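[1] next comes the sequence, and after it the predicted model I'd like to discuss.
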Amino acid sequence: MNISVYLSIVLNIMKESVTILPRARKVLQQMGENIHLARRRRKISVQQVADRAGISRATLWQIEKGAPSVAIGNYFMVLLVLGLEKDFLKLAEDDKLGRKLQDAGLVTKKRAPKRGTKQTGEDAE
């Protein structure tokens, strides 16, 4: 396989779009807008953020639009450049539903004693 065929295949794979639900798309777009506003408030140019994050200006533009196809590591690097990396830790921080499900599953039935073993005072609870 020559290099041009290989590059063509790779570029076609990269062009595939990510299917995402409308609700999730809105969340990503809001996050992109928040990143855009944070950059503007700091008066840092697109080129400066892109250079410091190690990404292209086009990738930063996609991040600021909330593109789902951009790697999460690139989002993190932009937050790091803006001094907002700790915001990344807030993802799934307060998982109320998960905690309720976990608590509901904590109720366990008491097991019957094993067959053929004699119970002592401690086991006979």
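    That came through fine.

[2] distance-wise, check D87 relative to V78.
    The span separating D87 from V78 equals 11 Å under the rule Cβ to Cβ, to the nearest Å. Every residue, glycine included, has its C-beta placed from N, CA and C.

[3] which one of the two has more residues nearby?
    For D87 versus V78, neighbours defined as other Cβ atoms under 10 Å are more numerous around V78 (26 against 15).

[4] nearest spatial neighbour of the more buried one, skipping sequence neighbours?
    Leaving aside its chain neighbours, V78 sits nearest to A53 (5.0 Å; criterion: Cβ to Cβ, 6 or more residues apart in numbering).

[5] what's near enough to touch the one you found?
    L60, N74, M77, V78, L80, V81 (Cβ atoms under 8 Å, 6 or more residues apart in numbering).

[6] how does it look with 7 Å?
    With contacts defined as Cβ atoms under 7 Å, 6 or more residues apart in numbering, A53 is in contact with N74, M77, V78, V81.

[7] that'll do, ta.
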